[in-house]
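S.K.: sharing a sequence plus its predicted fold:
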Amino acid sequence: MLLVAERSGLKLRLARLSASPNALPEQEYRFLVGRFIDSATLARATAIAAQWGVHPHEVMIANGWLGAEDYYRALAEACGTPFKTELTPRDVTPAAGAGPRRSLASGLLKERASSRRFVLAPDRLRPNALREMLARLKPHDFSLASPQSVRGAICRQFAETFARGAVEGLATRHPDRSARERPALWQRLGLTLGTLALLSAVALAPVDTIWLVTLALVVLFVPVIGLRVVAAYWLMRGAVRAQGAVSSRVPDAELPIYTLLVPLYREAHMLPQLVHDLTHLDWPAAKLDIKLILEAVDADTIAAARALNLPGNVEIVVVPELQPRTKPKALNYALPFARGEYLVIYDAEDRPDRDQLRRALAAFRQGLPNLACVQAALNIDNASDNWLTRQFTLEYSALFDGLLPALDRLSQPIPHGGTSNHFRVAALKWLMAWDPFNVTEDADLGMRLVRSGYRCAMIPSTTYEEAPRHLISWLRQRTRWLKGYVQTWLVHMRSPRELWRELGPLGFFGFQTVVGGTILSALVHPWFYVLAGFDLAQGSLLARPEALLGWPFWLLAWFDLVTGYVASMAVGFLSARGRGYRHLMKDVPLMPLYWLLISAAAYRALWQFMTARFEWEKTEHGEAALRARRAP
């Protein structure tokens, strides 16, 4: 509490008060019985509180049995202290000039009308401990308020500071790691001159130029294909699955507070199911800190959220209107309000495994101290909607059940998925969190974590999502992802020498394979069909080279072609089979057609990168047929 800093010696007294024996809950909370709760509810809350290692009022508020405003109003009356409901910047101010972080940590504000009166939100104190504390101080110097009211007042008081930090934090502290800055001069010159040279070469000597470019691509794609071969081999052996299963159940009393950040935009219709799923995770409700992050311009979703009977562990954070309007900016804005030691991101349509938080905690506790992030697998629960969703499911299965676990096992950088990535909050804040100017902020953050000496890992848990059913929605989403990969590659390749030093040779080439290879393969893939058609028309498609020097290239090209296609489809097949998706087996041969759609999105992403670098194309959710979404 900031109150500790304001009053000398109070910290020690508060610690002793919290640890001292308390009266029986029936006596201590008697001011609530008959007014807001009955004796049976109090007895039940007391039993659960002993199991969870919290206080009875925290159980009742978190479970929605008792409103936070009702509890703190009744507590204030019982303590003979005024209660404050509406806290505006005109009524309160930070105590002793405290900043936003200190004010949030303390739960204390000072009344503007008086130089001595304070507004206190005693969320972690039992009633008797609060009474004893006030008796030792001057009760008339304090008013009580709910923690939600105080945090809301702090948010309004420092709105500009929070907003500026959400947008400018990383770009100000580490401009070389932010996508806000333009690509480096050498990158701009290299890309411009390289493109002009290639076009000139094609105009002057088209056949020789195509031959040389093809040779270069054949060599570049060897590690990309090699990763898929390794992933397919390990999938066949069953050795690629993420490690870190829960070995023993941690007692509820030993669990820390876990924050769930849930950014939403134009998704009012998703709220009831989302709140139900998140509040039923296998974690004590009093130790869940759920933040629904809403945009100020999204009046419908804000109204829908406020109309719900939200339990006390769900809090609404409204992000003020400022550019860029991106998911990472919203996450940055809400991060200072996170109360947990660990944090996870979920999207509106997400349905995580109930024990996912426990698996993540087990991985953190079993891992090295520099393990800063663990990623759960993502998969699709509306695969049966149409061909597009079936292909999306094959792609996600291959990525999260095959390729990313393989990268984890090879100790290579892991690009995060956009959701179900769990963090140590201290490491996340130290890294200045997300880049609000990168539209694939998850992949970028994964690379920044590794570059700073942290590790990321996969965990054996799944979050089920909804795949876009319509081509236009899919195209917008994939354009944004690939545009973000272009941003990520350019940002981290501003200084190749520094990237080499921080990642090491294997990590450097792993970054090129995963991030650069994703972009390059999507751009190049359709040209294979163009060249194959040209060779077919010339009658030279399967012709062997006449010169001896052509044999190595010919063999390597066929290795890339055959092995690349077979390995990629094998990873999709084996991953889907491992999940029991046998109804998708017939769609595996059609994966190359889906890759052509990815190529179309890649060229659209390049155009957007040049014309609308920070534009965030929203993916619409809630379009899946309800019968198609299967329970995880």
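M.R.: Thanks, I have the structure now.
S.K.: tell me what the longest helix along the chain is packed against?
M.R.: Criterion DSSP state H: the longest helix present in the chain is helix 206-237. Helix 206-237 makes packing contacts with helix 185-204, helix 404-409, helix 517-538, helix 550-578 when contacts are defined by 3 or more Cβ pairs under 8 Å, 6 or more residues apart in numbering; DSSP states H and E. Using the backbone N, CA and C atoms, a C-beta is placed for each residue, glycine as well.
S.K.: ranking the ones you listed by burial, who's on top?
M.R.: helix 404-409 (a mean of 23; mean count of other Cβ atoms under 10 Å).
S.K.: give me the mean pLDDT for that one.
M.R.: Averaging pLDDT along helix 404-409 yields 92.
S.K.: again with stretch 452-460
M.R.: Summarised as a single mean, pLDDT over stretch 452-460 is 94.
S.K.: swap in stretch 270-283?
M.R.: On average, stretch 270-283 scores 94.
S.K.: next: stretch 199-218.
M.R.: Computed over stretch 199-218, the mean pLDDT rounds to 84.
S.K.: now do the helices in the stretch 201-350 of the chain.
M.R.: 206-237, 271-279, 299-307, 327-334 (DSSP state H, counting those that start in this stretch).
S.K.: can you list the buried residues in the longest one?
M.R.: In other words, helix 206-237. 209-210, 214, 217-218, 220-221, 224-225, 227-235 (16 or more other Cβ atoms under 10 Å).
S.K.: check stretch 357-369 too.
M.R.: Leu357, Arg358, Arg359, Ala360, Leu361, Ala362, Ala363, Phe364.
S.K.: how long is stretch 82-98 from one end to the other?
M.R.: Taking Cα to Cα, to the nearest Å, stretch 82-98 runs 23 Å from one end to the other.
S.K.: ok, and what's touching it?
M.R.: With contact meaning Cβ atoms under 8 Å, 6 or more residues apart in numbering, stretch 82-98 is reached by 2-3, 5-6, 69, 72-73, 76-77, 102-103, 106, 108-113, 118-119, 143-145, 149-150, 152-154, 156-157.
S.K.: how far away from the center of its chain is it?
M.R.: Relative to the chain's own centre, stretch 82-98 is displaced by 33 Å; criterion: Cα atoms, centre = their mean, to the nearest Å.
S.K.: just to revisit the earlier point, ok now the longest helix of the chain, how far from the chain's centre?
M.R.: The answer for helix 206-237 is 31 Å, by Cα atoms, centre = their mean.
S.K.: surely Gln375 and Gly417 touch.
M.R.: Yes. When contacts are counted by Cβ atoms under 8 Å, Gln375 is listed as touching Gly417 (6.1 Å).
S.K.: more crowded one of the two?
M.R.: Taking other Cβ atoms under 10 Å, Gln375 and Gly417 do not tie; Gln375 has more neighbours (28 against 22).
S.K.: what's the helix or strand for the more buried one?
M.R.: Using DSSP states H and E, Gln375 falls within strand 371-380.
S.K.: which elements pack onto that strand?
M.R.: Here strand 371-380 touches helix 356-366, helix 387-398, strand 421-424, helix 425-430, helix 441-451, strand 455-465, going by 3+ Cβ pairs under 8 Å, 6+ apart.
S.K.: so for Val562, which of the ones you listed sits nearest?
M.R.: helix 387-398 (18.2 Å; Cβ to Cβ).
S.K.: would you mind getting the angle between the closest one and helix 206-237?
M.R.: Here helix 387-398 points in a direction 70 degrees away from that of helix 206-237 (axes from the mean of the first three to the mean of the last three Cα atoms, to 10 degrees).
S.K.: can you pull the buried residues of helix 387-398?
M.R.: Leu388, Thr389, Arg390, Gln391, Phe392, Thr393, Leu394, Glu395, Tyr396, Ser397, Ala398.
S.K.: for the last one, what are its contacts?
M.R.: Contacts for Ala398 were tallied using Cβ under 8 Å, 6+ apart; they are Ala231, Ser568, Val571, Gly572, Ser575, Ala576.
S.K.: make it 6 Å
M.R.: The neighbours of Ala398, taking Cβ atoms under 6 Å, 6 or more residues apart in numbering as the test, are Val571, Gly572, Ser575.
S.K.: and which of those is nearest to Ile519?
M.R.: Nearest to Ile519 among the contacts of Ala398, with distances taken as Cβ to Cβ, is Val571, at 19.1 Å.
S.K.: need the pLDDT of that closest one.
M.R.: 96.
S.K.: and if you look at the one 5 residues further on?
M.R.: Per-residue confidence (pLDDT) for Ala576: 95.
S.K.: test my guess that it contacts Ser397.
M.R.: Yes. Taking Cβ atoms under 6 Å as the definition, Ala576 is a contact partner of Ser397 at 4.8 Å.
S.K.: how far away is Cys456 from Leu108?
M.R.: 37 Å (Cβ to Cβ, to the nearest Å).
S.K.: gap between stretch 493-501 and the chain center?
M.R.: For stretch 493-501, the distance to the chain centre is 26 Å (Cα atoms, centre = their mean).
S.K.: may I see the buried residues of it?
M.R.: For stretch 493-501, by 16+ other Cβ under 10 Å, it's Met493, Arg494, Leu499.
S.K.: go through those and flag which are in strands.
M.R.: Secondary structure from DSSP state E places none of the buried residues of stretch 493-501 in strands.
S.K.: which of the residues you listed lies closest to Ala50?
M.R.: Leu499 (51.8 Å).
S.K.: do you know how far the closest one is from Cys373?
M.R.: For Leu499, the distance to Cys373 - Cβ to Cβ - is 19 Å.
S.K.: re earlier: now the angle from the longest helix of the chain to helix 517-538?
M.R.: Going by the same axes, to 10 degrees, helix 206-237 makes 120 degrees with helix 517-538.
S.K.: what stretches of the stretch 401-550 of the chain score poorly on pLDDT?
M.R.: 535-536, 538-550 (pLDDT under 70).
S.K.: also the stretch 51-200 of the chain?
M.R.: 97, 113-115, 139.
S.K.: ranges for the helices of it?
M.R.: Going by DSSP H, counting those that start in this stretch, the stretch 51-200 of the chain shows helices at 56-62, 68-79, 100-106, 127-136, 147-157, 159-173, 185-204.
S.K.: how about the ones you listed in TSV, adding distance to Asp353?
M.R.: Listed next are the helices of the stretch 51-200 of the chain as TSV, based on distance: least, Cβ to Cβ, whole Å:
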stretch	distance to Asp353
helix 56-62	21
helix 68-79	29
helix 100-106	31
helix 127-136	37
helix 147-157	29
helix 159-173	30
helix 185-204	41
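S.K.: out of those, which is closest to Trp489?
M.R.: helix 185-204 (9.7 Å).
S.K.: looking at it, Ser178 is touching Asp435, isn't it?
M.R.: Yes. Between Ser178 and Asp435 there is a contact under Cβ under 6 Å: 5.4 Å.
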